[in-house]
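A.B. asks: have a look; sequence and predicted model below, questions after that.
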Amino acid sequence: MITQEQFRSNFDVAGKRLFFNHAAYSPISRPVVNAINEFFEHRQMGNPLAWNIAVDHMEGLRSNYGKLVGAPAERIAHMANTVSGVNVLANGLDWKAGDHILLYVDEFPSNVMPFLNLKDRGVEVEFISAGDGRVTPELFEAALKPQTRLISISSVQYLTGFRADLKNLSELCHSRNIIFSVDAIQSVGVVPTDVIASGVDFMAVGGHKWMMSPLGTGFLYVTEELQSRLKLVHRGYMGHVNPIDFGNFDQELSPNAQRFELGAFNASGMVGAEKATELLLECGIDSIFRHVRKLIGQFEWGLDELPFKTMYQFEENEQSSICMFSHNDASRNEAIFQSLSASGVNISLRGGGLRLAPHYYNTSDEVDQILALLKGSS
Ligand SMILES: Cc1ncc(COP(=O)(O)O)c(C=O)c1O
């Protein structure tokens, strides 16, 4: 068990910048940097066991990913980013001309482009809108067609912070024989996640945001049933039962999700990601989420005293670790963003609004400092 204070002490950025931009990317902690350096020492010194060491870390990371989403490690495959995972799904299914996919109109392109690429196979992609930002099961239900085969949604929307009702969406999908896929980069590592309880068929997640991991790390989760329907579009050697039996071309694919892995892998990134996810698991994702929600609550109260407002009013079970806010005169947001950046505050300007995204090492005092800077800039 790691306390919030202990976790914060691992971050050199703490006390130097007001870093509240984890929905874009995270700073990495000192233990993560140390673990990567230690691995590079093995490479630097030509340690003949470096490959085995890397494989051990890869398997340790696979197990951590499983714990973060409530899945057995066998259902996890390493991927370089979210979009690589989505491509495994989009390209692996046996589409027929006329098949229909439903997406939300403001998805991040990683959850759109792989599906648009199916146009030359006759697959129709349709986008639903949500006036108030609530991407609900009802909106999808109203847009279903007999030909709908897949719905893919972000667990948390990057432009609004809306958290989707995965359980009800999966029930809707399964009642119509529709595959339910989730881009969960904006929630895994900060929002408690249980893929089995929520009935997700497929999930793709990148590591560099809430999992506080190096770029080029991430994973996919896939159920055994859906995996059996996915053709391997790319086939390497790491996805076989004995990857180092190089001369054996007749060997079987791994029965696990590992079959989607290809060749030599991002070992240094995975070493860092293993340490980063281990730290998050030791903090406990429930504690992390409670903490960031408390910080966002404090921030929203503070905004009430200023000429600023939150842009979306979501119910408690729709809230996430992202808070979108705006000056009452939205045309001033860009100048305010620049002024905060110059004062050492990292947040994002997204869709004309300002996006605050705290993680577990951020503090209430830091929130007060940002509010004071906002007061000064307004
Ligand atoms: C919802 C969402 N999906 C995916 C990504 C990133 O995708 P990838 O991991 O493919 O780079 C982002 C942000 O960069 C995002 O906000």
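C.D. replies: All right, it came through fine.
A.B. asks: what does the stretch 201-350 of the chain have sitting close to the ligand?
C.D. replies: By C-beta under 6 Å from any ligand atom, the part of the stretch 201-350 of the chain that sits against the ligand consists of G206. C-betas here are computed from N, CA, C, even on glycine.
A.B. asks: let's see 8 Å
C.D. replies: A204, V205, G206, H208, K209, G218 (C-beta under 8 Å from any ligand atom).
A.B. asks: show the buried residues in the residues you listed.
C.D. replies: Among these, those scoring as buried are A204, V205, G206, H208, K209, G218 (criterion: 16 or more other C-beta atoms under 10 Å).
A.B. asks: would you list those in CSV and tack on secondary structure?
C.D. replies: Converted to CSV, those look like this (DSSP: H, G, I helix; E, B strand; the rest coil):
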residue, secondary structure
A204, strand
V205, strand
G206, strand
H208, coil
K209, coil
G218, strand
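A.B. asks: S29: which of these is nearest?
C.D. replies: H208 (13.2 Å; C-beta to C-beta).
A.B. asks: give the contact list for the closest one.
C.D. replies: Y25, S26, P214, L215, G216, T217 (C-beta atoms under 8 Å, 6 or more residues apart in numbering).
A.B. asks: make JSON lines from those and add distance to Q251 and secondary structure to it.
C.D. replies: What follows is the contacts of H208, written out as JSON lines (distance: C-beta to C-beta, whole Å; DSSP: H, G, I helix; E, B strand; the rest coil):
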{"residue": "Y25", "distance to Q251": "39", "secondary structure": "coil"}
{"residue": "S26", "distance to Q251": "39", "secondary structure": "coil"}
{"residue": "P214", "distance to Q251": "31", "secondary structure": "coil"}
{"residue": "L215", "distance to Q251": "32", "secondary structure": "coil"}
{"residue": "G216", "distance to Q251": "28", "secondary structure": "coil"}
{"residue": "T217", "distance to Q251": "27", "secondary structure": "coil"}
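A.B. asks: care to break this protein down by domain?
C.D. replies: Segmentation of the chain into domains, based on automatic domain parsing, reads 4-20+285-377, 39-281.
A.B. asks: what's the most buried one of those?
C.D. replies: domain 39-281 (a mean of 19; mean count of other C-beta atoms under 10 Å).
A.B. asks: pLDDT of it, averaged?
C.D. replies: Averaged over domain 39-281, pLDDT sits at 98.
A.B. asks: for it, measure first residue to last.
C.D. replies: 22 Å (C-alpha to C-alpha, to the nearest Å).
A.B. asks: now do the strands in this structure.
C.D. replies: 18-19, 76-78, 100-104, 124-128, 148-154, 179-183, 202-206, 218-222, 308-310, 323-327, 345-346, 348-350, 353-356 (DSSP state E).
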